[in-house]
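>>> With the sequence up front, the predicted model follows.
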Amino acid sequence: MAAAKQLSGAGLRGQVAGKTALSTVGKSGSGLTYRGYDVKDLAAQCEFEEVAYLILKGELPNQAELDAYKAKLKSMRALPQALKEVLERIPASAHPMDVMRTGCSMLGNLETEESFDQQQDATDRMLALFPGMINYWYNFSHNNGKRIEVETAADSIAEQFLWTLHGEKPSELHTQVMHASLTLYAEHEFNASTFTARVCASTLSDMHSCVTGAIGSLRGPLHGGANEAAMELIEGMNDPEDAEQKLMGMLERKEKIMGFGHAIYSESDPRNAVIKEWSEKLANANGDTSLYDISVRCEAVMWREKKLFCNADFFHASAYNYMGIPTKLFTPIFVCSRLTGWAAHVMEQRADNRIIRPSAEYTGEEFRPVPAISQR
Ligand SMILES: CC(=O)SCCNC(=O)CCNC(=O)[C@H](O)C(C)(C)COP(=O)(O)OP(=O)(O)OC[C@H]1O[C@@H](n2cnc3c(N)ncnc32)[C@H](O)[C@@H]1OP(=O)(O)O
Ligand SMILES: O=C([O-])CC(=O)C(=O)O
């Protein structure tokens with residue numbers, strides 16, 4: 001099991017900041033459970049929609065419930081014209097996470113969650129629409145103003161993402177990897193972006209505001225942005241020997257290596273074994289294993305030198321790259337998945353709410369009078 005470390009110190013580490021029935025991290029099974037189920041089993045046996053249903057509604061769906069849920073999501077993919085117009089005005093140089101943040105916020109203007117009765121529909125709409133939204137912008141801005149059709153025949157969110165990105169039905173292998181990837185990223189207790197969403201929810205704000213804030217928190221390289229940073233690292237390495245040399249230099253210079261280490265796990269992240277296996281399969285299917293081989297060497301060096309292990313992000317970099325996904329779109333995929341966790345936490349917070357308002361230890365000046373401006 002991927003055990004949790006001894007937690008103390010800055011960053012609220014180890015402090016219980018609320019209750020959740022959604023997931024456990026470092027407590028049982030392989031180290032990560034969603035509503036009692038091991039993430040490894042979910043990733044091996046379920047489509048992402050089953051996992052989203054579990055996280056949002058509490059139990060795994062039966063076949064009829066899954067079919068109905070997928071049909072509902074499929075019917076909600078269209079982009080409002082006003083959202084398309086906003087997306088078309090965002091430059092190609094923008095970071096796709098900023099596009100996600102703006103797109104989510106714009107949707108909140110167009111389809112405002114007027115009451116908490118609408119929370120499930122508001123969430124489903126975002127789940128259905130986000131993959132097409134980011135790829136609409138990407139194709140328009142990077143492909144000579146190409147306006148893609150987002151109402152595809154794709155059977156799932158996994159397929160929809162790859163289909164709207166590449167303009168064709170993805171292979172069975174790529175769709176399977178995307179289901180597993182979306183499952184692995186779906187939920188992770190009180191991580192930084194989820195906590196952002198819960199703080200926002202605790203003021204009784206609307207779902208789109210909670211998700212917009214969470215996207216901003218996920219963007220940073222210490223959190224979701226690490227998969228993109230990991231790709232930038234490994235694509236600069238020529239082969240495993242070069243990887244070893246470059247990493248040793250970075251460690252000597254005390255640089256941070258993105259995609260390694262974790263705030264809670266002590267010696268492994270259970271999601272890594274799953275995505276690593278998929279990365280290897282993709283490498284073999286591509287007939288070019290160099291990126292995978294480089295990643296394996298990085299993993300060995302980091303463990304040997306620092307006892308630091310790959311987190312969920314590291315092998316996602318090579319896996320996504322093998323599927324032809326541009327590096328800048330890596331973290332938006334995380335959004336399309338983690339949206340389930342964020343929304344479920346917002347719902348949980350709303351069901352038993354008190355405004356989140358911790359205290360601070362004051363380290364400033366002693367109490368003092370305001371001097372007249374002539375005496376300052
Ligand atoms: C899906 C996700 O969000 S998973 C996390 C993705 N983020 C990354 O991959 C970014 C790289 N990793 C990190 O920055 C950190 O490991 C975090 C942010 C994930 C966790 O931070 P913390 O809980 O503060 O880390 P921790 O307490 O284990 O750090 C212990 C020591 O190891 C070092 N360390 C931790 N991770 C790394 C790393 N990836 N590279 C180099 N050194 C590291 C820390 O700098 C610290 O050294 P110090 O005591 O000299 O300051
Ligand atoms: O839990 C964390 O701190 C970060 C993480 O792995 C996640 O959000 O998936």
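Yes, it's here. As the structure is a prediction and not an experimental result, all values here were calculated from the model. Ligands and ions are numbered 1, 2, ... in the order given.
>>> buried set for the helix or strand where residue 227 lies?
Assessed by DSSP states H and E, residue 227 sits inside helix 226-234. Neighbour-count burial for helix 226-234, counted by 16 or more other CB atoms under 10 Å, picks out 226, 227, 228, 229, 230, 231, 233, 234. C-beta: built from backbone N, CA, C; applies to glycine.
>>> mind exporting that helix as CSV, just the C-alpha atoms?
Provided in CSV are the C-alpha atoms of helix 226-234 (Å, rounded to 0.1, in the frame of the first residue of the first chain):
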residue,chain,number,x,y,z
ALA,A,226,3.5,19.0,-13.1
ASN,A,227,2.5,16.7,-16.0
GLU,A,228,3.3,19.5,-18.5
ALA,A,229,6.6,20.3,-16.6
ALA,A,230,7.5,16.6,-16.6
MET,A,231,7.1,16.5,-20.4
GLU,A,232,9.3,19.5,-20.8
LEU,A,233,11.9,17.7,-18.7
ILE,A,234,12.0,14.4,-20.5
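>>> average pLDDT across it?
Model confidence over helix 226-234, given as mean pLDDT, is 96.
>>> list the helices and strands it packs on?
helix 290-306, helix 314-322, helix 330-351 (3 or more CB pairs under 8 Å, 6 or more residues apart in numbering; DSSP states H and E).
>>> Throw those helices into JSON lines and include mean pLDDT and distance to residue 151, thanks.
As requested, these are exported to JSON lines (pLDDT from 0 to 100; distance: least, CB to CB, whole Å):
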{"stretch": "helix 290-306", "mean pLDDT": "98", "distance to residue 151": "34"}
{"stretch": "helix 314-322", "mean pLDDT": "98", "distance to residue 151": "25"}
{"stretch": "helix 330-351", "mean pLDDT": "98", "distance to residue 151": "17"}
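>>> Of all those, which one comes closest to residue 30?
Taking CB to CB, helix 314-322 is the member of the helices and strands packed on helix 226-234 nearest to residue 30, at 15.6 Å.
>>> now what about the closest one, what contacts it?
177, 181, 226-228, 230-231, 233-235, 259-260, 272, 275-276, 278-279, 282-283, 285-286, 291-292, 294-295, 298-299, 327, 329-330, 333 (CB atoms under 8 Å, 6 or more residues apart in numbering).
>>> So is that helix next to ligand 1?
No - Helix 314-322 lies out of reach of ligand 1 by CB under 6 Å from any ligand atom, never closer than 7.3 Å.
>>> mind checking how far that helix is from the chain centre?
14 Å (CA atoms, centre = their mean, to the nearest Å).
>>> tell me the angle that helix makes with helix 226-234.
70 degrees (axes from the mean of the first three to the mean of the last three CA atoms, to 10 degrees).
>>> is ligand 2 contacted by helix 314-322?
No - Helix 314-322 stays clear of ligand 2 (CB under 6 Å from any ligand atom), getting no nearer than 11.0 Å.
>>> Alpha carbons of that helix, as CSV, please.
Output of helix 314-322 as CSV, limited to C-alpha atoms (Å, rounded to 0.1, in the frame of the first residue of the first chain):
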residue,chain,number,x,y,z
PHE,A,314,5.2,11.7,-14.3
PHE,A,315,4.3,8.8,-16.6
HIS,A,316,1.2,10.7,-17.8
ALA,A,317,3.6,12.9,-19.7
SER,A,318,5.0,10.1,-21.9
ALA,A,319,1.5,8.4,-22.1
TYR,A,320,-0.2,11.6,-23.4
ASN,A,321,2.7,12.3,-25.7
TYR,A,322,2.4,8.9,-27.3
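>>> Sort out which residues of that helix are buried, please.
314, 315, 316, 317, 318, 319, 320, 321, 322.
>>> okay, these in CSV with distance to residue 127 next?
Output for the buried residues of helix 314-322, formatted as CSV (distance: CB to CB, whole Å):
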residue, distance to residue 127
314, 26
315, 25
316, 20
317, 24
318, 26
319, 22
320, 20
321, 25
322, 25
